[in-house]
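K.L.:
below are the sequence and a predicted model; questions follow.
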Amino acid sequence: MRRDPLQIPTVVLLVLAMAAWWHGADFYVHEVLLSEIALFAMLAMSLDLLVGYAGMVSLGHAAFLGIGAYVTAGLTVFLGWPVALAMPASALVAGLAALVVGSFVVRLGGVFFIMITLAIGQMVYAYFLKAREFGADDGMSGIPRLDLSFLGLDTADPAVFSAVLLLAALAVYLLLRVVVRSPYGATLVAIHQNEGRVRALGCPVHRYKLGAYVLAAAIAGLAGSLTTQHSSFVSPDLAFWTVSGEVLIMVILGGGGSIVGAAIGACAFLVLKHWLSAGESWEALGLPTFMADHWQLVMGSLFVLVVLVAADGIYGRARRLLRRDGPQAG
Amino acid sequence: MLLDPQFLVIQVLNGLQLSALLFLLAVGLSVVFGLMNFINLAHGTLYMLGAYFAVAVAGAFDSFWAALVLAPLGVAVVGAVAHVTLFRRLQSAGPMKQVLVTFGLIFVGFDVVRIVWGRLPHTVPTPETLAGSVQILGETYPTYRLFIIGVGLAVLVALHLGLDRTRLGAVVRAGVDDRTMVAALGINVELVFFAVFCLGCWLAGLAGVVAAPVFSVFPGMDMSVLILALIVVVLGGPGSLWGAALGALVIGMADTFGQVMFPAFASVTIYALMAAILLFKPGGLVPVRPSH
Amino acid sequence: MKTTTLRGLGRVAAAGLLGALTALPASAASPIKVGLLLPSSGVFAGLGKDQDISFQMALEDFGDEVGGRKIVLVRADTESKPNSGLAAAKKLILRDRADVLVGVISSGVLGAVRDYVDGAKVPLIVTNAGNDDITGEKCSPWILRSSFSNDQIVREMGPWMARAGYKRVFLMAFDYAGGHQLMDSFRKGFVAAGGEIAGEEYPPLGETKDFGPYLAKLKAAEPDAAFVFFAGGPAIKFVKEYAAFGLKDTVKLAGPGWLTSALYVGKQGADAEGTLSILNYVPSIDSAENKGFQERFRAKHGRDASEFGVAAYDAARLVIEALQATGGATDDRQALVAAMHRVQFNGPRGPFRIDPATNNVIQNIYISEVEKIGDTYGAVVKEVRPNVQDAPNGCSKPF
């Protein structure tokens, strides 16, 4: 297995930074920035299990985000389920969907896997776009948040709910670390590196890959449930392929194959996006505010730059700087 | 209605027209992917650039034909510059970095056309000679659509002859099969790749110009075709000329007839079809290399 | 009903931030912040820009200072996407402390921000999105609309076309809520007036590459007219294809006026000629207010102002005149909304006021036909329906 002495200090630093930011933040940072970072970090970390470890580059991860979100929305709004029950149900349904889909698609490799996940993601999107019972393209509103009043916490308070989301992201991180450090995780990496040899050793390769696909989907489903609670709203665009693309970008930007890198990528992506798209930021730099309209141009150029100067992402680059001995695995 | 021969012929022509456009879009992407293992998500952006260049040239010279000649060349130049400055470094970099860079270029391309041409849709007038319509079995059919089908067929034949009869074609075919072997023969693979990449960009630009009079030209028109082009490539089998042609035909027809016969499922027809085909033929319809 | 409890939840969710917002009373000299909730990226970026410049023009025309306070604009990009739109609304409310929000192009974004804006109790003037339920079943005392409701636009067209002798009409729109709303409203009036629906098609939104297959079906149904709803790029494409398939001269084309919007009717050119449209504004309206407005807009931007621009322009005037009534005070938001309900003026599209019973605008609706005007094309008014108003929605505005 890979040695990664930077992992623990990075995580500690990241947690401390988030805690400090949360502590000093205003309503906006709680309600929008920190919450979005936590939600996308969960998604990106779960995708990293697929991309960075199992070598399965999925361009349809947002489908499970959407499924999770709609399950929670449907169960709470139509059936009146408590959110605390709807959340595990979201993860479960997303995981089951992945089990069905995955048993077909994990056999495909490379670009074929990318494309079939994309196609399945778009089918999920197309379903919700037409589903009148879920409000079709207008979506549904009025989804409640998790009730934590028995702990004396009011989740309607943006500070409280963003803390809940950040803690959930931390829990997802810990879970995924346990998985990737287990023999199971090591086998995934081995499959990624040389699938033929691992199969020759008698290992049920597809079942291993399927396991990762299902787990990642369940986490995405949970993130979907939390997303819809956060916005009290759900619409089909959650499942659209560009969301999958953005999450994939976060993973690559942060540095795949480390879990924490994906979280860093989510953080960097969202902070940059919000900063670049605000006229005030450009004003502060002494530049014309209309640049805010063109945040996509700047952001896109930055992606290109990242690949040129830090080909293995932010975290990968940091790791490489730390130890310059030879090439990395993965 | 479906049994009505007139209706059927019109819909077949509609399907062929869409197939021809998809073929123009996908063939460059497919060969580049097959030869260089390079996933260019910004291929749709090249198509969009072709359409915008057509707006500029057709506006300046008041001639669609000038746009047809010049705009794809302009796109090829843009592709050449992108290749020299960026893509060359990415060839061995693996799909992740290619996705990141080319996804970034989608963002850049989107904003650049917005800055240069504004945010409102543009149009390119249909050339006068093709603006009318013809009578087919007593039905009116737009001449320009037949022109699109013709361009698609012409490009298919030209590429087939080029691959089959020329030395460059032989090198390209060999390169798709086994890259290292071609390099070992002392052929300048870099240069071949470069030429093929530029040709792919030229074709994307051509697709943009040809589409411009039918589709309106607006920022974001790239996104609507990118996925389709990728689907055609994967469905046909990356790296194969006839695969791209077959993939385009299957998707073009499925989309057209799906909309006519199963309107309730129109939005998922092509995705479902691709998923189904890949499950049974994991390497695409015309696999070049055994899938891994 | 279920929605009331849900709305209650939305209020609770926003209650936390209310304290902080009201804790900071604005001093007399502090600027009045208007938050423009418009897309500067995504599919509706062009419309966002159009509304932005029109709003700015209104500030120049009617003054950007009220009661010693300057009106400043703050912006956030909705990206034309519901979830990004919600984040943008939160930014304008929480970070920029906007006193009033103006904007929202797409109905998806409006649905997404509705509960939040309602809970935060910040007035929002909708300048485009026409979902019927936002000034109907899901109305909010804090959400007013200067543009239109879908039903308001097309309601009159069905009876009109039936009377004009179009007996069999074919319907077509993209398969999404707005498309179905517009077609349903048309059908209701048309069938009641004795018309017959010859067929209907709903191509998938965002997945339709080619109108050819649908046009062939339309032709095969042999209707007298087609009533279709498309806008932007697809509208240009549809009108051109409609002509190319030889339908223009045999089956009368009609639709909500976005089909041949002032933004691109010139580009559709001769292909658009003869298209019947129904809308709340066309540039050729013959009034002093409209002519002056168009002249100023043309001098500034070199083209006709569109119905999108007018909705934002009138929204700005609504805000300014309401602020003048409150002497520039914004702390009492209920009073501000009440002042908006009292504003009345003659704008480019005719008499403008907000209906307190629905919060939707009361306005003239124009039935027009695209004709050649000079060396370009434009919609020419054939008939005016004055002061079209939505039915009261039973939403008696408890703040």
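P.N.:
Good, I have the coordinates. Numbering: from 1, shown residues only, chains lettered A, B, ... in the order given.
K.L.:
tell me which stretches of chain B form strands.
P.N.:
B:133-136, B:139-142 (DSSP state E).
K.L.:
what does the stretch 151-300 of chain A put close to chain B?
P.N.:
By the rule CB under 8 Å from any CB of the partner chain, the part of the stretch 151-300 of chain A lying against chain B is A:195, A:241-242, A:245, A:248-249, A:252-253, A:256, A:294, A:296-297, A:299-300. In short, each C-beta sits where N, CA and C put it, glycine included.
K.L.:
residue A:205 touches residue A:194, doesn't it?
P.N.:
No: if you go by CB atoms under 8 Å, residue A:205 and residue A:194 don't touch, sitting 10.6 Å apart.
K.L.:
low-confidence ranges, the chain, go.
P.N.:
Went with chain A since none was named. A:1-2, A:324-330 (pLDDT under 70).
K.L.:
try again with chain C
P.N.:
Judged by pLDDT under 70, the stretches of chain C that qualify are C:1-28, C:394-399.
K.L.:
quick check: residues of it near chain B?
P.N.:
Counting by CB under 8 Å from any CB, the residues of chain C near chain B are C:41-43, C:45-46, C:49, C:175, C:201-210, C:212-214, C:216-217, C:219-220, C:232-234, C:236-237, C:240-241, C:244-246, C:263-264, C:267-269.
K.L.:
give me the most central residue, the chain.
P.N.:
Just so you know, I chose chain A. residue A:43 (1.4 Å; CA atoms, centre = their mean).
K.L.:
chain C, not that one
P.N.:
So for chain C, CA atoms, centre = their mean, it's residue C:128, sitting 2.6 Å from the centre.
K.L.:
surely residue C:346 is within a strand?
P.N.:
Yes: counting by DSSP: H, G, I helix; E, B strand; the rest coil, residue C:346 is located in a strand.
K.L.:
test my guess that it contacts residue C:292.
P.N.:
No: at 11.1 Å, residue C:346 does not count as touching residue C:292 under the criterion of CB under 8 Å.
K.L.:
helix, strand or coil for residue 161?
P.N.:
No chain specified, so I'll use chain A. Applying three-state DSSP: residue A:161 is helix.
K.L.:
how many neighbours does residue 145 have?
P.N.:
You didn't pick a chain, so chain A it is. The number of residues packed near residue A:145 is 22, by other CB atoms under 10 Å in any protein chain shown.
K.L.:
ah, no, chain B please
P.N.:
26.
K.L.:
show me where the stretch 201-350 of chain C has its strands.
P.N.:
C:225-229, C:252-256, C:276-279, C:344-347, C:350-354 (DSSP state E, counting those that start in this stretch).
K.L.:
mind checking these for the one nearest to residue A:276?
P.N.:
strand C:225-229 (35.3 Å; CB to CB).
K.L.:
which residues touch residue C:52?
P.N.:
By CB atoms under 8 Å, 6 or more residues apart in numbering or on different chains, the residues touching residue C:52 are C:36, C:38, C:40, C:75, C:312.
K.L.:
who has more neighbours, residue A:205 and residue A:194?
P.N.:
Using other CB under 10 Å as the criterion, residue A:205 and residue A:194 rank with residue A:205 on top: 20 against 10.
K.L.:
how near is the residue lying closest to residue C:321 once chain neighbours are set aside to chain A?
P.N.:
Computed as CB to CB, 6 or more residues apart in numbering or on different chains, the closest residue to residue C:321 that is not its neighbour in sequence is residue C:343, at 4.6 Å. Residue C:343 sits at a distance of 29 Å from chain A (criterion: CB to the nearest CB, to the nearest Å).
K.L.:
my read: residue C:343 touches residue C:355, true?
P.N.:
No: using CB under 8 Å, residue C:343 makes no contact with residue C:355, being 11.9 Å away.
K.L.:
count the neighbours of residue 35 for me.
P.N.:
The chain I'm using is chain A. 24.
K.L.:
please refer instead to chain B.
P.N.:
Count around residue B:35 with other CB under 10 Å applied: 27.
K.L.:
check contacts around it.
P.N.:
Here residue B:35 is in contact with B:172, B:175, B:176, B:179, B:192, B:193, B:196, B:239 (criterion: CB under 8 Å, 6+ apart).
K.L.:
for the fifth one, which non-adjacent residue is spatially closest?
P.N.:
Nearest-residue entry for residue B:192: residue B:171, 5.3 Å, with adjacent residues in sequence omitted and distances by CB to CB, 6+ apart.
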